[in-house]
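**Q** here is my input, please return the structure:
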Amino acid sequence: MKKILLITLISIWSIGSINAQKIKLKKGIVYIDDTKCMKYTGNVSNAELISNDGKQTIILKFIRTGVGHNGGLYTKVIFVRAKTFSNV
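**A** Sure, this is the predicted structure:
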């Protein structure tokens, strides 16, 4: 019983100690682990992620239709380089 408890506690501790990346959005710039990665612009219904060389990469459109259990809110994601889109 003690071995099972010890293994469980070590497993929980090791899973809890895994670090994720820190993502910050500050003054139109996206920082990942304190490194400038890309720029962003947006308002209430649209957001654009722009690479460091100035090319649009991803466009997010937040659309509310008013129908459904969540008020018809969905997000249209457009990947500019791939010329495809996905509704989430």
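**Q** by average pLDDT, which secondary structure element in the protein comes out worst?
**A** Lowest on mean pLDDT, DSSP states H and E among the helices and strands of the chain sits strand 84-87, with a mean of 56.
**Q** pick out the residue closest to the middle of this structure.
**A** Centroid-nearest residue in the chain, with Cα atoms, centre = their mean: residue 23, separated by 8.8 Å.
**Q** can you pull the pLDDT of it?
**A** We note a pLDDT of 83 for residue 23 in this prediction.
**Q** ok, it touching residue 34?
**A** No - in this structure, residue 23 is not within contact of residue 34 by Cβ atoms under 8 Å, at 10.4 Å. C-beta coordinates here come from the backbone N, C-alpha and C atoms, glycine included.
**Q** residue 1 versus residue 61, what's the distance?
**A** Going from residue 61 to residue 1 by Cβ to Cβ, to the nearest Å gives 55 Å.
**Q** more neighbours: the two, which one.
**A** Taking neighbours as other Cβ atoms under 10 Å, residue 61 and residue 1 compare with residue 61 leading, 15 against 5.
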